[in-house]
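Novice: Give me a model of this one.
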Amino acid sequence: MSFMNGKNILTEGFFDALKKLFTRSKLTKQEKQLLKDPKLKKLYNDAMKSSKEAQQSYDDMLKRIKQKRVKPKYYK
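Specialist: Next up, the predicted model:
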């Protein structure tokens, strides 16, 4: 567990707020009304979760490919 002083708490809160600003969903009024239905909201949340998992697995795959990349040998 890291030490948390006032400065760390403020900076973490700032970055969390900044992240929410850019990742906040931009829904229309009609979409907001539709998401009030619990069934549709669950389907929407499941779809968003699946897309995040897919992005994470894609990022992991790219990391593994970069690690396995063979550097070319220079022959004389």
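Novice: tell me the mean pLDDT for the longest helix along the chain?
Specialist: Longest helix in the chain by number of residues (criterion: DSSP state H): helix 38-68. Mean pLDDT, helix 38-68: 87.
Novice: One more: stretch 17-35?
Specialist: Per-residue scores along stretch 17-35 average to 75.
Novice: Distance across that stretch, terminal residue to terminal residue?
Specialist: 23 Å (C-alpha to C-alpha, to the nearest Å).
Novice: Tell me the spacing between S51 and Q30.
Specialist: Counting by C-beta to C-beta, to the nearest Å, the gap from S51 to Q30 is 21 Å. Heads up, the C-betas are built off the backbone N, CA and C, glycines and all.
Novice: scratch that, K66 is what I was asking about
Specialist: 43 Å.
Novice: repeat for D60
Specialist: 36 Å.
Novice: now do K39
Specialist: 17 Å.
Novice: Repeat that for K63.
Specialist: 40 Å.
Novice: next one: T23
Specialist: In terms of C-beta to C-beta, T23 sits 21 Å off from Q30.
Novice: Check L43 too.
Specialist: With C-beta to C-beta as the criterion, L43 and Q30 are 16 Å apart.
Novice: the more surrounded of those two?
Specialist: Taking other C-beta atoms under 10 Å, L43 and Q30 do not tie; L43 has more neighbours (12 against 8).
Novice: Need phi/psi at D37.
Specialist: Main-chain torsions, D37, degrees, to the nearest 10: phi -70, psi 120.
Novice: Revised request: answer the last question for T28.
Specialist: According to degrees, to the nearest 10, T28 has phi -80, psi 170.
Novice: That one: how many residues sit nearby?
Specialist: Neighbours around T28, by other C-beta under 10 Å: 8.
Novice: Equivalent analysis for Y44, please.
Specialist: The burial count for Y44: 16, using other C-beta under 10 Å.
Novice: That one: what's it in contact with?
Specialist: Residues near Y44 by C-beta atoms under 8 Å, 6 or more residues apart in numbering: L35.
Novice: All further residue positions should be reported with the first residue as 310.
Specialist: Yes, from this point I'll number from 310; that puts the last item at Y353.
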